[in-house]
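Give me a model of this one.
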Amino acid sequence: MHTKKLKFIVGTIVILGAVLALAITGMEESKAYYQTVPELKAMGVKAEGRRIRVAGDVVVGSIERHEEGVVTFVIDYEGESLPVRYVGRGPVPDTLVDRAQAVAEGTLEADGTFEATLVQAKCASKYEAAYEEGKIVTE
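Coordinates of the predicted model:
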């Protein structure tokens, strides 16, 4: 009877340990630090291969749609620009247009291109209030 209880306790500890290890590993892999374009460039080679989120404004005329759903564009933040190559599974958001604020999640490649697996964008002008002769006009 005593050995059955000991086996049950040991088995429970092993299972709980495995679940805890998987949870910690999953959290580490899904972690993405938010950086601006200048901060990302300042990291240099330390940024390569790390999962990172970077934000900026989409440069006018830089969005290009390629075969197999690949989309390239350039984001700019405080005068520093970064080429982004989106290779995600889903379609690019409809709000990814010129001058939109975009957040790309992925990794920095050795050639300086940011390979994004997730892109979020919002058109700032769509959500801002417009001013007309001292009145706020919402759309």
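
Following element in sequence after the longest helix seen in the chain, please.
Determined from DSSP state H, the single longest helix within the chain is helix 2-30. Remark: after helix 2-30, the chain's next helix or strand is strand 33-36, criterion DSSP states H and E.

before we move on, the earlier item: return the mean pLDDT over the longest helix of the chain, rounded to an integer.
With pLDDT averaged residue by residue, helix 2-30 scores 83.

End to end on stretch 107-118, go ahead and measure it.
End-to-end distance of stretch 107-118 (CA to CA, to the nearest Å): 11 Å.

hang on, I meant stretch 53-66
23 Å.

hmm, who's touching it?
Residues outside stretch 53-66 that contact it (CB atoms under 8 Å, 6 or more residues apart in numbering): 32-37, 40, 71-77, 81-82, 92, 96-105, 114, 121. Backbone N, C-alpha and C define where each C-beta goes, glycine included.

pLDDT (mean, whole number) over it?
Rounded mean pLDDT across stretch 53-66 is 92.

Ok, stretch 112-119 next?
pLDDT averaged over stretch 112-119 gives 92.

buried ones in it?
Applying a neighbour-count criterion of 16 or more other CB atoms under 10 Å, one finds Phe114, Ala116, Val119 buried in stretch 112-119.

same thing with stretch 90-103?
Buried residues in stretch 90-103 (16+ other CB under 10 Å): Val92, Thr95, Leu96, Val97, Ala100, Gln101, Ala102, Val103.
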